[in-house]
Structures are given as C-alpha cells and as structure tokens.
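> Structure, please.
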Amino acid sequence: MHSTPEPRGCGRQAWWRSVFAAGIVICAGGCATSSYQPWLNRPLEAAAPASAKATATANSDSLLLVVNFSGGGSRAAAFAYGILDKLQQTRVEWQGRAVSLRDEIDILSGVSGGSITAAYFAASAEPDFNAFKTRFLARDFESELIAQALEPATAIRLGSPWYGRGNLLADRLDADLFHGVTFGQLRALRPGLSLYITATDLSLGTAFTFTRRQFALMCSDLDSVPLAVAVAASSAVPILFSPITLKNFAGACAMPPAPLAPPATGGVSARRLQRFAEEQNTYRDAGSRPYIHLIDGALSDNLGIKRLLDDIALSGGLGRSLADGGAQRVRKVVFINVNAGHARSYAVDQLARVPSLLEVAKGVQLGLLTRYTEETNESFAMEAARWRAEIRAAAAAERGPFSADADLYYIEVALRDHPDADTRAMLLNIPTAYTLEKGQLDALVDAGHRVLEVNPEFMRLLGDIAAGNAGRRQ
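Prediction:
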C-alpha cells in the first residue's frame with residue numbers, strides 16, 4: 001500500500017486535488033510520450049463467454065426491490081454500506097421462508113461514490129462484502145492514488161495519449177476491489193441481481209448507464225466490461241480525472257430496433273421521451289460518434305434514477321415494463337432511493353471579492369447538483385405515486401403482472417433524515433472525498449441503519465409483510 005500523510009477535513013479535499021493535478025502538470029511537461037494502451041471495450045462478435053462459479057441463489061419473483069445509491073465520494077459509499085447492512089439485518093418471512101431484504105434486491109444502481117459500494121456488493125460473496133469497510137472505506141484511498149500517480153511507471157503510462165487519470169482510477173479500483181470481475185460474471189456470482197452503473201456522456205450531457213440495451217446500440221459487449229471501468233467512469237470528476245473512453249462499433253452487428261418515443265404516459269411528457277429516444281439513437285451512428293467519452297455520473301443524475309424513469313415510460317408504464325421482463329404475480333414493488341448529498345454552503349456569499357476557481361467548483365457541487373438532485377427526487381416521487389395507483393387498479397381488476405394484494409413502496413432516505421440534530425449536522429458537512437476519519441465512517445454506517453428505522457414507508461412495508469403473513473396463517 002502507498003501512504004502519503006496529508007491534512008484532514010475540508011481543506012484536505014482541495015489539497016489532494018491540487019497535488020494530483022500538479023503531478024499531471026509535471027508529467028505533461030517532462031514525461032516522454034508513451035504508446036501504452038489501456039483496456040478498450042469489445043465488439044459483440046469478439047465477446048468471450050463469461051464464467052464464474054455461482055455463489056448465490058436467485059431471489060423471489062413476487063418481491064421486486066430496487067435500490068439506488070447516490071454519489072458523494074466515500075461519504076456516499078459508507079452510507080450505502082450502512083443501508084445494505086441494515087437490509088441484511090432486516091429479516092422477514094416471504095413465501096414461507098425467512099429471508100433478509102438484502103438478499104431480495106433485484107436491481108442495484110449506483111452513481112459515483114455509491115457505485116463503488118453497489119459494484120463491490122454485486123461482485124462479492126456474503127462474507128467478502130463485510131470486508132468492504134477494511135478494503136476501501138477505512139483506507140486512505142486518496143493518498144494511495146496520489147502516491148501511485150507519482151510513481152515513475154505510472155508516469156510513463158500517463159504519457160500515453162490513450163491513458164489518462166480516469167484509467168489510473170480504474171486500474172487502482174480493480175487491483176484493490178474488483179480483481180477483474182466483469183458484468184458477464186455477475187450472472188453467476190449473484191443470479192437475480194441486476195447492477196446498473198451510471199456515468200455521464202460528455203457530448204450529450206445525459207446519463208449513460210452500463211446496461212446490455214445501452215451497449216447493444218453500439219454493437220458492443222457489456223459482458224466483457226470490467227466493473228472497475230464502469231465505476232471509474234461513474235466517478236470521473238472532470239479536471240480531477242480524465243474521461244473513460246469507449247469505442248462505438250455500431251453497424252458491425254445486427255442492430256436492435258431504433259428507440260421510439262411512444263405517446264406520453266401520465267407525468268412524463270412526450271417531448272422528454274422524444275428527446276430521450278433521439279439521444280439514444282445517436283449511439284447508432286458510429287460515423288459521427290466513433291468514440292464515447294464518459295465522466296462523473298453525478299453531473300447528469302446524482303441519484304441514478306432518471307434512466308429508470310425513461311425506460312419505464314418508453315415501455316408504456318410500470319406494468320408493461322414488468323410484464324415484458326417476464327414478471328408474474330408481483331406482490332410488492334419497493335424502491336429505495338439513498339441520497340448522500342450534504343448541506344448547502346453559504347460561505348461564498350460572505351465574499352466581496354470574485355470567488356476563486358475552487359470556490360466556484362464547490363458552489364456548483366453544493367448548489368446546482370443539490371438542486372438537480374432535489375428536482376429528480378420530486379419527479380420520481382410523482383411517478384411513484386402514479387405507479388402505485390396503476391398497481392392498485394390493475395390488482396383490483398386482476399390484470400397485469402400483479403397479485404390481488406400488490407402495492408408499491410417508495411422509500412426515500414437521506415443523511416438529512418438522521419433523527420439526531422448534532423449527528424445530522426456532522427454528517428451533512430463531511431466533504432466529498434475518498435477518505436474518511438474513523439468517527440465519520442462509523443457515523444455514516446450507523447446512519448444507514450437509523451434513517452431506515454425511522455422511515456415511515458419502510459415501516460409500512462415491514463408491517464404489511466407481517467400482516468400478510470398473519471392473514472395467510474389464519
């Protein structure tokens with residue numbers, strides 16, 4: 001391990017960014033040009049079958065559980081770990097057997113810092129996931145990454161026009177956490193779990209989610225993509241990290257049908273769906289877009305849920321989307337959106353002078369991204385209300401993929417929901433960085449427990465499951 005002492009707290013974040021940027025400037029001025037080639041995605045016809053020994057069994061079909069983790073560096077990663085830990089401890093009786101809610105997750109989505117926890121969980125056997133605290137959360141990942149960036153061997157790679165700081169991040173994540181695991185291997189490691197990692201398309205400014213549907217538009221193979229590459233793309237903060245580059249092979253395979261926007265359904269406007277379809281169709285033109293450059297997913301969707309909204313709308317609604325996926329007699333549809341965003345800061349408003357570049361960047365992060373996140377949450381809440389009405393109507397009419405007692409639960413949890421005011425204030429002021437003090441780590445993990453324990457919708461879910469079990473035993 002590499003270790004470089006550095007100051008803690010808010011100033012520490014600016015410090016490590018400055019050192020990292022300075023190292024690159026030095027390299028750019030003095031390093032010889034290198035021809036080093038990093039990993040690059042494959043076309044579909046070159047894909048090799050993925051293999052891995054199964055270590056888990058598929059979850060229940062009648063309980064659909066979707067968990068989304070926001071960005072926010074190690075703060076978000078630790079909070080997400082606490083949520084998963086609480087879900088593991090929450091055991092319910094479902095279809096006559098005792099299960100943990102964590103084992104029932106069907107879709108796990110992550111952005112930036114949240115994507116690290118999501119991907120590690122998806123790639124790990126049960127005992128291994130508990131080691132995530134020591135393998136990542138409790139380590140000074142920032143200092144280790146900086147030290148590696150300043151090594152001569154790394155400097156040579158960074159001298160290549162094809163290898164950037166984003167690739168260095170991917171290599172480090174792979175060496176420390178993922179060990180070459182690819183998306184294709186996840187089907188064997190955790191059958192029944194779909195992992196969605198969201199980055200931002202640099203040219204479009206929209207969410208790019210690592211899914212088979214997305215890669216099919218580029219005639220590219222998702223199965224061979226290392227998780228570390230997806231996580232690095234999702235975490236590639238501009239300037240600090242370079243983009244992750246994918247090659248577009250569109251036209252080299254039997255192309256899927258072009259995405260078309262259906263008539264608007266409820267709260268999703270036809271104009272928005274049309275724009276989404278047009279953006280997706282740009283990936284089918286490899287002549288105009290031979291390479292796709294990806295940056296931090298938080299810039300387009302810090303909660304990782306916009307693409308889910310668009311996909312459901314394009315499918316014609318939640319019921320149609322589930323039916324197309326083969327779902328039958330679904331009893332509970334549960335969305336847990338986890339927001340690790342921190343407090344707004346008005347520090348810049350105390351300045352009479354022109355704010356510095358770093359102060360402007362911090363203002364964008366704390367102001368604009370927080371605002372966008374709030375608006376995304378509001379949009380999702382409105383759609384969830386529509387889906388709940390749709391499910392209840394379909395269940396009452398005994399149509400669609402829902403059972404007679406089907407219902408939807410939208411569980412929104414955030415650091416701002418912590419019941420203790422002093423702890424809440426401390427959590428909301430942890431900087432977005434890749435290191436945590438021990439007290440911060442423990443508090444964030446505990447916060448994942450506490451916010452679920454006091455969430456009314458989570459309690460309603462557990463109460464309805466218990467009541468349903470009691471009713472079936474009578």
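> Low-confidence ranges, the stretch 351-474 of the chain, go.
Residue ranges of the stretch 351-474 of the chain with pLDDT under 70: 365-366, 471-474.
> the helices in it, which residues?
357-363, 369-396, 421-428, 438-453, 456-473 (DSSP state H, counting those that start in this stretch).
> Out of these, which is the most enclosed?
Among those, helix 438-453 has the highest mean neighbour count (mean count of other C-beta atoms under 10 Å), at a mean of 19. Yep, even glycine has a C-beta here, placed from its N, CA and C like the rest.
> Make TSV out of the helices of the stretch 351-474 of the chain and add distance to Ala298.
Formatted as TSV, those follow (distance: least, C-beta to C-beta, whole Å):
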stretch	distance to Ala298
helix 357-363	13
helix 369-396	6
helix 421-428	17
helix 438-453	18
helix 456-473	25
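> among those helices, which is nearest Ile107?
Ranking the helices of the stretch 351-474 of the chain by proximity to Ile107 (C-beta to C-beta) places helix 369-396 first, at 14.0 Å.
> Against Ala149, how distant is the nearest residue to Leu40 once chain neighbours are set aside?
The spatial neighbour of Leu40 that comes closest, neighbours along the chain excluded (C-beta to C-beta, 6 or more residues apart in numbering), is Lys247 at 5.7 Å. With the distance defined as C-beta to C-beta, to the nearest Å, Lys247 ends up 25 Å from Ala149.
> So those two - more neighbours on which side?
Per other C-beta atoms under 10 Å, whichever of Lys247 and Ala149 has more neighbours is Ala149, with 21 against 15.
> and Lys306, how far is that from Glu457?
Per C-beta to C-beta, Lys306 is found 21 Å from Glu457.
> Now do the phi/psi pair for the closest residue to Ile105 other than its chain neighbours.
Of all residues not flanking Ile105 in the chain, Leu65 sits nearest, at 5.0 Å (C-beta to C-beta, 6+ apart). Torsion angles at Leu65 (phi, psi; degrees, to the nearest 10) stand at phi -120, psi 120.
> Thought Asp103 was touching Leu65, still the case?
No. Leu65 is beyond contact range of Asp103, at 9.5 Å (criterion: C-beta atoms under 8 Å).
> Between the two, which contacts overlap?
Listed as contacting both Leu65 and Asp103 by C-beta atoms under 8 Å, 6 or more residues apart in numbering are Asn59.
> Name the residue in those two with the higher neighbour count.
More neighbours surround Leu65 than the other of Leu65 and Asp103, with 24 against 20 (other C-beta under 10 Å).
> by contact count, what packs against whichever strand or helix holds Leu294?
Using DSSP states H and E, Leu294 maps to strand 291-295. The contact analysis (3 or more C-beta pairs under 8 Å, 6 or more residues apart in numbering; DSSP states H and E) places strand 291-295 against strand 194-201, helix 227-234, strand 244-247.
> among those, which is the most enclosed?
helix 227-234 (a mean of 30).
> Just give the nearest non-adjacent residue to Ala298, would you?
Nearest one to Ala298, counting by C-beta to C-beta, 6+ apart, is Gly71 at 3.7 Å.
> List the contacts of the one you found.
Contacts for Gly71 (C-beta under 8 Å, 6+ apart) come out as 111-115, 234-235, 296-298, 302, 340, 432.
> of all those, which comes closest to Asp349?
Nearest to Asp349 among the contacts of Gly71: Thr432, at 20.1 Å, using C-beta to C-beta.
> mind checking how far that closest one is from Glu144?
18 Å.
> how would you label Phe208: helix, strand or coil?
Secondary structure for Phe208, judged by DSSP: H, G, I helix; E, B strand; the rest coil, is strand.
> for it, which residues make a bridge with it?
Beta-bridge pairing of Phe208 under DSSP bridges involves Ala199.
> the strands in this structure, which residues?
Under the criterion DSSP state E, strands of the chain are mapped to 63-69, 91-94, 97-100, 105-111, 194-201, 207-209, 244-247, 291-295, 330-339, 402-414.
> Enumerate every residue touching the residue positioned nearest the centre of the chain.
The chain has Gly110 as the residue nearest its centroid, 1.2 Å off, counting by C-alpha atoms, centre = their mean. Going by C-beta under 8 Å, 6+ apart, Gly110 touches 68-69, 80, 116-119, 195-198, 231, 234, 304.
> In these, find the pair that's most separated.
Maximum distance among the contacts of Gly110 (C-beta to C-beta): 15.3 Å, for Asn68 and Val231.
> number of nearby residues for Asn429?
Asn429, neighbours per other C-beta under 10 Å, totals 15.
> That one against Ala347, yeah?
No. Assessed by C-beta under 8 Å, Asn429 is found out of contact with Ala347, at 11.3 Å.
> Contact partners for the closest residue to His342 other than its chain neighbours?
With C-beta to C-beta, 6+ apart as the criterion, His342 has its nearest non-adjacent residue at 4.7 Å, and that residue is Leu428. Taking C-beta under 8 Å, 6+ apart as the criterion, Leu428 is in contact with 342-343, 415-416.
> Give me the buried subset of the residues you listed.
Among those, the ones that count as buried by 16 or more other C-beta atoms under 10 Å are 342, 415.
> do you know how far Ala404 is from Ala443?
For Ala404, the distance to Ala443 - C-beta to C-beta - is 43 Å.
> scratch that, Phe249
Using C-beta to C-beta, we find Phe249 at a distance of 46 Å from Ala443.
> next one: Tyr409
For Tyr409, the distance to Ala443 - C-beta to C-beta - is 27 Å.
> Ok, Gly184 next?
Taking C-beta to C-beta, one finds Gly184 at 37 Å from Ala443.
> One more: Gln328?
Gln328 is 43 Å from Ala443, by C-beta to C-beta.
> Please apply the same query to Ala155.
Separation of Ala155 from Ala443 (C-beta to C-beta) stands at 38 Å.
> burial of the residue nearest to Val181 when sequence neighbours are not counted, as a residue count?
Distances taken as C-beta to C-beta, 6+ apart place Ala123 nearest to Val181, at 4.3 Å, with adjacent residues excluded. Residues near Ala123, counting by other C-beta under 10 Å, number 24.
> Test my guess that Ala123 contacts Ala188.
No. Ala123 is not in contact with Ala188 according to C-beta under 8 Å; the separation is 10.9 Å.
> Skip the chain neighbours and tell me the closest residue to Glu359.
In space, Glu359 is closest to Val348, 5.4 Å off (C-beta to C-beta, 6+ apart).
> what about that neighbour, how many neighbours?
Val348, neighbours per other C-beta under 10 Å, totals 14.
> cool, Arg272 as well?
Neighbour number of Arg272 under other C-beta under 10 Å is 17.
> can you pull the pLDDT of it?
Per-residue pLDDT puts Arg272 at 77.
> same question, Pro262
Model confidence at Pro262, given as pLDDT, is 58.
> now do the one 3 residues further on
Note on Thr265: pLDDT of 51.
> show me the contacts for Asp61.
Listed by C-beta under 8 Å, 6+ apart, the contact partners of Asp61 are 327-330.
> how about the closest residue to Val445 other than its chain neighbours, what does it touch?
Among residues not flanking Val445 along the chain, Gly82 sits closest, at 4.0 Å (C-beta to C-beta, 6+ apart). Each residue near Gly82 by C-beta under 8 Å, 6+ apart is listed here: 444-449.
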